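A.B. asks: below is the sequence, then the predicted model.
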Amino acid sequence: MEKKQRKPVYYSEYLQLDKLLNAQAPESAKEGIRADDEMLFIIIHQAYELWFKQVLHELNIIRNVFKQPNIPNNSPDVYNCVHRLKRICTILELGVNQLAVIETMTPLDFLDFRDLLRPASGFQSIQFKMIEASLGLKFQKRHGQQYYLSQLTPEDVERVKNVEAEESLVILINRWLERMPFIKSKNYWKNEQGDTPFWKIYRDAYADSLQEGEMNNLENFDKLFMGGEAYSTERNFSADANRNALFIMLYRDYPLLHLPYELLAMLLEVDEMLSLWRHRHIHMVQRTIGKRAGTGGSSGAEYLKAAADSHYIFSEVAELTSFLLPRHMLPELPEALVRDLSYNH
């Protein structure tokens, strides 16, 4: 059968450059005002939105992987997710560095057209809100809840709420961690009381490692790992998920735990990159508009500071480092578990 001839692909048509390069319409030009840097301002923000679209694309792929009821150890899925999380971090790092370009615009350059933008602002970026919601930032944790959706069109409000109604990456990672059998499986642990002795052994070793001023950590350890009544239902990760995440961090050197550990590390990297972007944005806003209000009506730099301090998504994973022990103090694992965590078994 003769292969059907495809129409030749032309560079500008493939990239739809006729649309892309004609999508800049400075407000200053409409008003007959000279503002040479408004073109830069538009292109910078359009570039951000294109990268936000790519981040959402990557997040959707990752979430679809973790929606599976089971992810086999020999499948490429976890590696694929780690790879895509690394790509997201690289994109976010580019977003941080891109601020250096907009900082070439002086405060006076910005004032030439700033008032023409009202009430538009980056606060109205639908895709950024969708990224935060897809990762797992809950509405209850948001700073400025009263303004969160107030400036959006009804269609955009619906778009954001639809994403919020879906299972976020935090929820899916929690479920994935809960399924791990390393601590619970009776194939590895035999105890007359029928429970897993690992955490009692680990707790005793952890208690011995604490300095006098750190003893409060033991109370927190019991809340997070020992299933105490004081465990907060407002947390994203369950006690089982906490236990398995900490186990991964402790025994990451075993081959089967390499990728799970990298995955947890990349979640923290995503939070770090978002934090760097927010704080770099704060400094840029302070340099550009000082203490003036944002074009969208927010308090400007003050609002950004409060959001940066509260919008951490994977902080519960970061907290687990408080409960690590050096390798020489780790409890010895059963031979069957060591075998199953290794390549040769």
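C.D. replies: Sure, I can see it. Residues are numbered from 1 along each chain as shown.
A.B. asks: name the residues of the host helix or strand of Ile282 that are buried.
C.D. replies: Using DSSP states H and E, Ile282 sits in helix 258-289. Neighbour-count burial for helix 258-289 flags 258-278, 280-282, 284-285, 288-289 (criterion: 16 or more other Cβ atoms under 10 Å). Quick note: C-beta positions are derived from backbone N, CA and C, even for glycine.
A.B. asks: got it, and stretch 217-229?
C.D. replies: The neighbour-count check on stretch 217-229 (16+ other Cβ under 10 Å) flags Asn217, Phe221, Asp222, Lys223, Leu224, Phe225 as buried.
A.B. asks: looking at those, which are in strands?
C.D. replies: Using DSSP state E to define strands, no part of those is located there.
A.B. asks: okay if I get the residues you listed as TSV plus distance to Lys161 and pLDDT?
C.D. replies: Rendered in TSV, the data for those read as follows (distance: Cβ to Cβ, whole Å; pLDDT from 0 to 100):
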residue	distance to Lys161	pLDDT
Asn217	39	88
Phe221	38	91
Asp222	38	89
Lys223	33	87
Leu224	32	87
Phe225	35	86
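A.B. asks: want to throw those into JSON lines with distance to Cys81?
C.D. replies: Below are the buried residues of stretch 217-229 laid out as JSON lines (distance: Cβ to Cβ, whole Å):
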{"residue": "Asn217", "distance to Cys81": "31"}
{"residue": "Phe221", "distance to Cys81": "29"}
{"residue": "Asp222", "distance to Cys81": "32"}
{"residue": "Lys223", "distance to Cys81": "29"}
{"residue": "Leu224", "distance to Cys81": "25"}
{"residue": "Phe225", "distance to Cys81": "25"}
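A.B. asks: can you tell me which of these is closest to Ala23?
C.D. replies: Ranked by distance to Ala23 (Cβ to Cβ), those are led by Leu224 at 49.2 Å.
A.B. asks: the stretch 101-250 of the chain: helices as residue ranges?
C.D. replies: 107-111, 126-135, 145-148, 154-165, 169-178, 198-209, 216-225, 239-250 (DSSP state H, counting those that start in this stretch).
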